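Visitor: Provided below are the primary sequence and the corresponding predicted coordinates.
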There are 2 protein chains.
Amino acid sequence: MDEALLLDNQLCFPLYACARRVVGKYTPFLKPLNLTYTQYIVFLVLWEQKTASVRELCRRLYLDSGTLTPVLKKMESEGYLTRERSAEDERVVTVSLTEAGLAMKEKARDIPMKVGACLKLGEEEAKMLYMLLYQVLKETED
Amino acid sequence: MDEALLLDNQLCFPLYACARRVVGKYTPFLKPLNLTYTQYIVFLVLWEQKTASVRELCRRLYLDSGTLTPVLKKMESEGYLTRERSAEDERVVTVSLTEAGLAMKEKARDIPMKVGACLKLGEEEAKMLYMLLYQVLKETED
DNA sequence: AGCAATTAAATTGTATCAAATTAAATTTCT
DNA sequence: AGAAATTTAATTTGATACAATTTAATTGCT
């Protein structure tokens, strides 16, 4: 028998399933705000720094421009942010939060707490999981 | 400041990014076999048990029929499996591996090892991560 | 200065995903 | 038995993802 090929022996599998499950836990809280998960994580960055290039967003969110561009355009059309070519370097598109985008922060304030409650992980376990995930992200760079 | 809204404080985020990253590590090994990751995990189940209902596949893979049906049809059209209505209960579709599907197992044999090498996690860490992920999957059921 | 290499976004094509709906079969209840 | 409820798949719809390509701008090299 091929132990290595057993579904339950593959680390990738629970990782993949778990990510979809946890992202899904956000849906009931995001839906009333008319936000998707991807839009939400874009907001998380912009609530921190208010302005970012598309490149920076891609890097921080581990997403590529092919994914983010349409999401950003949608958010722009909904009035949550603006997209402008940089004057110094016209390749760069700078994304900036609008007042409406900033206002959304209040409505989303309690989401992390609510989702956290769904996970039922102890503090130590959450910290450990967090650490291991970032370790994998770091080790698999490039 | 809103600590909870910081991107780096959200467990969901590295989980989501990490899952996509690790799935991406399979691509270079799956592409020569002309397989996608989803097709690969369907194979993982079928290499174990040769036959499964769509329902069983959905449950084991944490995917729903909306995702699996087109994948299974594609794999059927490529000759890797068959789909048949059960005689006893015609709601049930039974998926069965063909010879070609079984033969694929040989070609995929070394994939777990190759991908595992990319992750660079120690045995203890891998075990811990694995355990925590399954714990989250269990705690977030229903 | 001028060309090559690089970089940033956007575009295109393929493959997922999940939620909601539909349709058919089966089970349960009376 | 027959209606109602449940179950299983399939379908439809909307939003992602990523790879590969394209376009335009900038940088590096000579």
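Guide: Received the coordinates, thanks.

Visitor: residue boundaries of the strands in chain A?
Guide: Taking DSSP state E, the strands of chain A run over residues A:51-53, A:81-85, A:93-97.

Visitor: what about the nearest residue to A:R85 once chain neighbours are set aside, distance to A:A87?
Guide: Closest residue in space to A:R85, ignoring its immediate chain neighbours: A:V93 at 6.0 Å, by CB to CB, 6 or more residues apart in numbering or on different chains. Quick note: C-beta positions are derived from backbone N, CA and C, even for glycine. Plainly put, A:V93 is 12 Å away from A:A87 if you go by CB to CB, to the nearest Å.

Visitor: Check A:S96 too.
Guide: Shown here: A:S96 relative to A:A87, a distance of 14 Å by CB to CB.

Visitor: ok, now A:L132?
Guide: Distance of A:L132 to A:A87, computed by CB to CB: 43 Å.

Visitor: Neighbour count: the two, which is higher?
Guide: Using other CB atoms under 10 Å in any protein chain shown, the more surrounded residue of A:L132 and A:A87 is A:L132, with 20 against 8.

Visitor: before we move on, the earlier item: hey, which of the strands of chain A is tucked in deepest?
Guide: Highest mean neighbour count of the strands of chain A: strand A:93-97, a mean of 19 (counted as mean count of other CB atoms under 10 Å in any protein chain shown).

Visitor: Now do it and strand A:81-85, the angle between them.
Guide: Relative orientation of strand A:93-97 and strand A:81-85, computed by axes from the mean of the first three to the mean of the last three CA atoms, to 10 degrees: 160 degrees.

Visitor: What helices and strands are in contact with strand A:93-97?
Guide: Where contact means 3 or more CB pairs under 8 Å, 6 or more residues apart in numbering or on different chains; DSSP states H and E, strand A:93-97 is packed against helix A:37-49, strand A:51-53, helix A:54-61, strand A:81-85.

Visitor: Thought B:K25 was touching A:Y16, still the case?
Guide: No. If you go by CB atoms under 8 Å, A:Y16 and B:K25 don't touch, sitting 11.5 Å apart.

Visitor: Pick out whichever of the two has more residues nearby.
Guide: A:Y16 (24 against 18).

Visitor: per-residue pLDDT, that one?
Guide: pLDDT recorded at A:Y16 is 94.

Visitor: now the one 4 residues further on
Guide: pLDDT, the model's per-residue confidence, is 95 for A:R20.
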